[in-house]
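> All I have is the shape, not the residue letters:
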């Protein structure tokens with residue numbers, strides 16, 4: 001430290017603070033959000049921490065300062081997190097007639113309230129589904145109030161669970177294969193829920209979960225955050241972080257309900273849905289368990305699933321059991337007909 005300029009001393013202090021925050025973000029997926037709900041927010045920006053650590057490492061490396069060791073160690077410890085954020089290559093596996101394709105998509109009530117100023121959003125979604133032709137389609141925020149515009153005739157089997165009086169909303173599973181059993185998993189004191197369907201694929205039964213966890217309610221254009229940064233509105237910033245913290249606690253409860261439910265299933269599992277949280281979170285780690293994250297197995301790039309203005313957020317997932325082979329994974333960053341983006345995977349039961 002003595003041989004550092006005043007600027008480098010300040011830079012190294014910031015480097016130390018960043019290191020502490022990064023280590024906390026590494027540990028938080030293993031700790032229940034109810035213990036440290038406020039700190040759990042750090043898991044949302046762990047990729048940013050990794051990028052900043054890489055910049056610090058390069059800064060010290062160029063000067064050949066031993067301070068580079070600090071960020072170097074942080075990056076080395078975080079190497080297992082990189083695949084969750086960015087995949088450098090995708091799989092190229094031969095397809096088969098026995099494969100089946102699963103798509104998951106939060107359609108935001110099929111634009112019922114015209115969030116997107118276009119009249120043909122529902123029709124575009126219908127055309128997109130028909131064009132990609134998945135065998136199993138899991139939809140979150142489905143609305144029977146708007147479904148007249150999206151008649152999915154290619155699916156003879158469906159499990160649809162709605163709630164609400166005037167406007168019916170909920171989750172839906174559409175399938176080309178027979179559904180032999182279905183059910184709904186209620187979440188306490190929440191408008192969110194999960195559903196499941198046991199689907200006969202050839203000789204096998206596969207359980208498909210379609211889940212929608214508590215939202216943290218940050219708009220895609222992050223206007224709330226931007227306004228608070230510009231206006232330095234401390235009170236409103238505290239309200240936002242409190243709201244996110246409360247959402248994380250609810251997500252933990254919901255995730256644990258799903259974890260308990262799936263323990264009783266003896267069939268191969270596929271879990272789809274909008275988890276409203278990052279791949280570095282406690283709820284992701286809990287729900288995924290020993291399943292495969294299809295993006296990690298066969299995706300490419302950032303795998304963005306939320307139309308967030310400044311950040312390639314991945315909060316929608318498809319998990320598959322280890323008795324399945326993940327042959328491909330696709331996200332659709334240019335198909336903006338909701339605040340979420342669809343994801344699709346090709347699977348084969350081994």
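Ah, there it is. Note that the structure is predicted; figures quoted are calculated from it, not measured.

> shaky segments in the protein?
1-2, 147-149, 218-237 (pLDDT under 70).

> okay, which residue is most central for it?
residue 315 (1.8 Å; CA atoms, centre = their mean).

> Tell me the spacing between it and residue 282.
14 Å (CB to CB, to the nearest Å). Just so you know, the C-beta spots here come from the backbone N, C-alpha and C atoms, and that holds for glycine as well.

> hmm, back to that, ok, the residue nearest to the centre of the chain touching residue 275?
Yes: between residue 315 and residue 275 there is a contact under CB atoms under 8 Å: 5.8 Å.

> dump the residue contacts of the residue nearest to the centre of the chain.
274-278, 305-306, 340 (CB atoms under 8 Å, 6 or more residues apart in numbering).

> what about the helices in the stretch 201-350 of the chain?
Counting by DSSP state H, counting those that start in this stretch, the stretch 201-350 of the chain has helices at residues 223-231, 234-263, 282-288, 294-298.

> hang on, the earlier thing: backbone dihedrals for the residue nearest to the centre of the chain, please?
phi -130, psi 0 (degrees, to the nearest 10).

> What of residue 278?
When read as degrees, to the nearest 10, the backbone of residue 278 gives phi -80, psi 170.

> just checking, it touches residue 314?
Yes: assessed by CB under 8 Å, residue 278 is found in contact with residue 314 at 6.9 Å.

> just to revisit the earlier point, grab the two from the contacts of residue 315 that are most spread out in space.
278 and 340 (14.3 Å; CB to CB).

> Pick out whichever of those two has more residues nearby.
Neighbours were counted for residue 278 and for residue 340 using other CB atoms under 10 Å; residue 340 has more, 24 against 20.

> so who does that one touch?
So residue 340 contacts 105-108, 140, 274, 305-307, 315-316 (CB under 8 Å, 6+ apart).

> out of the contacts of residue 315, who's nearest residue 165?
Looking across these and measuring by CB to CB, the closest to residue 165 is residue 274, at 23.3 Å.

> Test my guess that that closest one contacts residue 139.
No: the pair residue 274 / residue 139 is not scored as a contact, 10.0 Å apart, by CB under 8 Å.

> Burial check on residue 156, number of neighbours?
By other CB under 10 Å, the residues close to residue 156 number 12.

> distance of it from residue 135?
With CB to CB as the criterion, residue 156 and residue 135 are 12 Å apart.
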